[in-house]
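> my questions concern the predicted model and sequence given below.
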Amino acid sequence: MLRAAAAAVTAHTRWVDDFPSPGVRFADLTPVFAHGPAYSAVVAALASAATDAELVAGIDARGFLLGGGMARELGVGVLAVRKAGKLPPPVQKCEYSLEYGTAAIEIPDESPSLRGRRVLVVDDVLATGGTLRATLELLERVGADIVGVTVVTELEALGGRARLESYPLTSLVRL
Ligand SMILES: O=P(O)(O)OC[C@H]1O[C@H](OP(=O)(O)OP(=O)(O)O)[C@H](O)[C@@H]1O
Ligand SMILES: Nc1ncnc2[nH]cnc12
């Protein structure tokens, strides 16, 4: 199952040079998600990273597409980890930097309560790890139990895995 999903990712990923800034080679997974069999294979493979999860947290924006499908697959709920300024207060916020700039993300502070809940976190790409680290910090701040961290594509040269050392990280494709 994992091998078929990885092959589908490799076949359908579009690489874009100098986006969103010069020198960046951007992994665009849009065609992977738009291809029915590839999307199904990827969602099933990612969901298998933590079948004991009680909630899937998907990171803005492509993590939403994955997280919703995975939550259905596992029969659990889904949480949108949002870019700053989109959620009504009260929120928990964390600023971070990534390959091409800085950003901030937020989760709801108390509603839903995440204390003690087993959460599987998902995003499309792991690059520097800034986005996932900030997300994990937020989830831990509100007491969540991180049972899995999973991504479709890991860009190894950018060193994200080292910044997530203490978490159970899996990826379908490592480049
Ligand atoms: O490991 P990192 O260096 O943090 O990079 C990974 C993040 O970068 C991309 O999102 P981006 O911030 O471009 O936002 P978008 O989803 O709004 O396009 C990608 O979808 C990850 O969320
Ligand atoms: N090269 C890249 N491709 C896709 N998403 C990214 N996020 C950070 N760097 C990226």
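Good, I have the coordinates. Ligands and ions are numbered 1, 2, ... in the order given.

> going forward, measure contacts between C-alpha atoms and count neighbours the same way
Fine.

> for this protein, which segments count as helices?
Along the chain, counting by DSSP state H, helices occupy 2-12, 30-34, 36-47, 62-74, 130-141, 160-163.

> now the last one: average pLDDT?
Averaging pLDDT along helix 160-163 yields 97.

> what does the protein put close to ligand 2?
Within the chain, the residues that sit near ligand 2 (Cα under 6 Å from any ligand atom) are 24, 25, 26, 27, 99, 125, 127.

> please name whichever of the helices of the chain is nearest to residue 84.
Nearest to residue 84 among the helices of the chain is helix 130-141; the distance by Cα to Cα comes to 12.0 Å.

> nearest to ligand 1, of the helices of the chain?
helix 130-141 (3.6 Å; Cα to the nearest ligand atom).

> in the closest one, what's buried?
Buried residues in helix 130-141, counted by 16 or more other Cα atoms under 10 Å: 130, 131, 132, 133, 134, 135, 136, 138, 139.

> again with stretch 54-63
Judged by neighbour count using 16+ other Cα under 10 Å, the buried positions of stretch 54-63 are 54, 55, 56, 57, 58, 59, 60, 62, 63.

> that stretch: end-to-end distance?
With Cα to Cα, to the nearest Å applied, stretch 54-63 spans 17 Å between its terminal residues.

> what about the residue lying closest to residue 175 once chain neighbours are set aside, how many residues close to it?
Nearest residue to residue 175, sequence neighbours excluded (Cα to Cα, 6 or more residues apart in numbering): residue 155, at 5.2 Å. For residue 155, the neighbour count with other Cα atoms under 10 Å is 18.

> on the pLDDT front, check the residue nearest the centre of the chain for me.
Centroid check for the chain by Cα atoms, centre = their mean gives residue 123 as the closest residue, at 1.5 Å. If you check residue 123, the pLDDT there is 98.
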